[in-house]
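Asker: predicted structure and sequence below. I'll ask about it afterward.
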Amino acid sequence: MGFPIHRPRRLRKNENIRRLVRETTLTVDDLVYPIFIEDGKNIKKEIPSMPGIYRWSLDTVDQELEEVVSLNIPAILLFGIPSHKDEVGSDTWSDEGVIQKAIRHIKKNYPNLYVITDVCFCEYTTHGHCGVLCNHDVDNDLTLENTKKQVVSHAKAGVDMVAPSGMMDGVVKAIREALDSEGFKDIPIMAYSAKYASSYYGPFREAADSAPAFGDRRTYQMDPANRLEAIREVQLDIEEGADIVMVKPALAYLDIIRDIKNSFNIPLAAYNVSGEYSMIKAAGKLGWIDEKKVMMETLTSMKRAGADIIITYFAKEVAKILKNG
């Protein structure tokens with residue numbers, strides 16, 4: 001029995017009924033806000049390709065952190081820009097490294113803010129690749145050894161969660177074993193399980209000073225054309241001990257988010273990456289779109305696709321909208 005008995009428009013008549021039958025709701029509890037910490041003093045540098053996003057030094061970042069806390073955003077994801085780079089990224093495991101100092105500062109002054117650290121090497125190496133180079137490619141197993149040192153140093157500094165982003169085979173297992181052997185069995189791992197070799201990362205590489213000096217990252221990040229491989233990558237990370245898995249980027253990979261949500265019973269994060277952010281900002285500035293509405297629609301699509309957690313540079317703007325109604 002169809003029309004005129006069935007009229008779906010009855011449940012769209014006004015905002016109150018639309019709210020009552022809405023299937024997907026975006027909340028501040030879904031959000032993680034990335035923050036860039038640069039070694040040095042008196043630094044607050046806006047990233048040209050990411051309007052509204054800055055690099056901060058530890059003596060200025062409280063301005064950002066206080067706003068995050070006031071908006072009730074539950075978690076931040078830290079990226080570091082060191083003052084010293086070398087071939088292996090040794091600042092990543094230094095007790096006086098930029099991230100280690102940041103963790104201690106935040107946990108001392110904002111103890112209820114959940115701190116996640118990106119675990120990688122591209123921002124810390126002279127060549128901009130995500131690990132130890134051998135014959136112009138990243139050596140997987142040597143990189144794992146340095147990753148172990150990195151996560152243990154983050155744990156000793158007081159981090160709440162680590163998030164390996166380099167796409168090295170076996171990295172979750174290596175991290176879990178390293179943390180457990182040092183007495184940090186309660187620190188969870190958010191794995192960048194399905195991280196694609198995407199062109200959407202361009203603005204981030206400016207933000208983090210992490211562009212590769214040669215070549216690209218296609219030997220370790222996933223081919224954007226592949227779907228089933230993402231399922232396999234997630235399964236491997238779960239078997240190795242991942243507590244949360246991630247799809248990155250999000251907007252062009254909503255099908256992957258849904259596939260993973262349908263296949264696994266595990267918390268799922270989506271990274272709304274820099275290029276996705278910057279495109280909306282640019283189109284909004286030109287007056288081609290309603291920036292706030294497109295922002296909310298875009299993030300809601302990620303939640304609708306199956307993301308439990310959304311890592312986004314829009315987090316503060318979204319939190320303000322949700323707070324003010």
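Answerer: Thanks, I have it.

Asker: for the stretch 201-325 of the chain, just list every one of the strands.
Answerer: Assigned by DSSP state E, counting those that start in this stretch, the stretch 201-325 of the chain shows strands spanning 244-248, 268-272, 309-312.

Asker: cool, and the stretch 1-150 of the chain?
Answerer: For the stretch 1-150 of the chain, the strands defined by DSSP E, counting those that start in this stretch cover 31-38, 44-46, 54-56, 75-81, 114-119, 133-134, 137-138.

Asker: residue 200 is nearest to which of these?
Answerer: The closest approach between residue 200 and any of the strands of the stretch 1-150 of the chain, judged by C-beta to C-beta, belongs to strand 31-38 at 14.3 Å. C-betas here are computed from N, CA, C, even on glycine.

Asker: the strands of the stretch 1-150 of the chain: which one's closest to residue 260?
Answerer: Nearest of these to residue 260, taken as C-beta to C-beta: strand 31-38 at 17.7 Å.

Asker: so which elements touch the closest one?
Answerer: Helices and strands touching strand 31-38, by 3 or more C-beta pairs under 8 Å, 6 or more residues apart in numbering; DSSP states H and E, are strand 54-56, helix 62-70, strand 75-81, helix 98-109, strand 309-312, helix 315-324.

Asker: as CSV, the strands of the stretch 1-150 of the chain with mean neighbour count, mean pLDDT and distance to residue 283 would be great.
Answerer: Shown next, in CSV, are the strands of the stretch 1-150 of the chain (neighbours: other C-beta atoms under 10 Å; pLDDT from 0 to 100; distance: least, C-beta to C-beta, whole Å):
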stretch, mean neighbour count, mean pLDDT, distance to residue 283
strand 31-38, 24, 97, 21
strand 44-46, 14, 96, 19
strand 54-56, 20, 96, 21
strand 75-81, 23, 97, 25
strand 114-119, 22, 97, 27
strand 133-134, 14, 77, 38
strand 137-138, 18, 82, 35
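
Asker: rebuild those strands as JSON lines, extending it with distance to residue 227.
Answerer: Formatted as JSON lines, the strands of the stretch 1-150 of the chain follow (distance: least, C-beta to C-beta, whole Å):
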{"stretch": "strand 31-38", "distance to residue 227": "25"}
{"stretch": "strand 44-46", "distance to residue 227": "37"}
{"stretch": "strand 54-56", "distance to residue 227": "35"}
{"stretch": "strand 75-81", "distance to residue 227": "26"}
{"stretch": "strand 114-119", "distance to residue 227": "25"}
{"stretch": "strand 133-134", "distance to residue 227": "30"}
{"stretch": "strand 137-138", "distance to residue 227": "24"}
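
Asker: neighbours of the closest residue to residue 29 other than its chain neighbours, how many?
Answerer: Nearest non-adjacent residue to residue 29, counting by C-beta to C-beta, 6 or more residues apart in numbering: residue 74, 6.2 Å away. Counted with other C-beta atoms under 10 Å, residues neighbouring residue 74 total 17.

Asker: how close does residue 248 sit to residue 279?
Answerer: 16 Å (C-beta to C-beta, to the nearest Å).

Asker: so which of the strands of the stretch 201-325 of the chain is the most surrounded?
Answerer: Highest mean neighbour count among those (mean count of other C-beta atoms under 10 Å): strand 268-272, with a mean of 27.

Asker: and the angle for the longest helix belonging to the chain with strand 75-81?
Answerer: Assignment by DSSP state H gives helix 140-157 as the longest helix of the chain. For helix 140-157 against strand 75-81, the angle by axes from the mean of the first three to the mean of the last three C-alpha atoms, to 10 degrees is 120 degrees.

Asker: for helix 140-157, name the packing helices and strands.
Answerer: Counting contacts by 3+ C-beta pairs under 8 Å, 6+ apart, helix 140-157 packs against helix 98-109, strand 114-119, strand 161-164, helix 171-181.

Asker: got the angle for that helix vs helix 98-109?
Answerer: Using the same axes, to 10 degrees: helix 140-157 against helix 98-109 is 30 degrees.

Asker: what angle sits between helix 140-157 and strand 114-119?
Answerer: Inter-element angle recorded for helix 140-157 and strand 114-119: 150 degrees (by the same axes, to 10 degrees).
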